[in-house]
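Participant: Could you look at this predicted model? Sequence included:
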Amino acid sequence: KMGRRILNDALRTIVNAEKRGKATANLQPISKVMSSFLNIMKHRGYIKDFQVHDPHRVGKITVELQGRIKDCRALTYRQDIKAQDIEKYRVKELPTNQWGYVVITTPNGILDHEEAIRQNVGGQVIGYFY
């Protein structure tokens with residue numbers, strides 16, 4: 001799906017900027033899902049902030065980094081997940097148990113795995129970051 005390709009390219013851009021020690025990353029093109037993903041990263045302290053420029057045209061997002069991200073990926077395929085299987089999935093997919101978040105699109109919106117478990121909702125895994 002096109003949207004996941006866009007998200008994946010954006011996340012690779014962030015990881016590459018982090019590896020080079022850059023303070024910001026510029027993402028283009030953008031999507032609504034991308035903004036939700038970045039909101040979770042911000043909420044969880046993985047990025048400082050981000051600004052969306054000109055969202056009605058092609059748009060651009062500037063992300064302020066803080067050197068915390070080791071990796072973040074978007075799944076290019078749709079993986080359905082039930083609320084009770086989220087924790088098991090997280091343990092399997094993330095290289096470390098201490099940190100990192102799985103991002104899931106649910107009927108309640110786009111949530112990280114902790115929120116999804118708290119709200120007891122499943123959905124489709126969009127990606128993860130750590």
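Facilitator: That came through fine.

Participant: List the buried residues in the helix ranked longest in the chain.
Facilitator: When the chain is parsed with DSSP state H, its longest helix is helix 2-19. Of the residues in helix 2-19, 4, 6-8, 10-11, 13-15, 17-18 count as buried by neighbour count, 16 or more other C-beta atoms under 10 Å. For every residue, glycine as well, the C-beta is placed using N, CA and C.

Participant: Same question for stretch 44-63.
Facilitator: For stretch 44-63, the neighbour count (16+ other C-beta under 10 Å) marks 46-47, 50, 59, 61, 63 as buried.

Participant: does the residue nearest to Asn16 when sequence neighbours are not counted sit in a helix, a strand or a coil?
Facilitator: In this structure, Asn16 finds its nearest non-sequential neighbour in Ala25, 7.9 Å apart by C-beta to C-beta, 6 or more residues apart in numbering. Assigned state for Ala25: strand (three-state reduction, DSSP: H, G, I helix; E, B strand; the rest coil).

Participant: Appreciated, that's everything.
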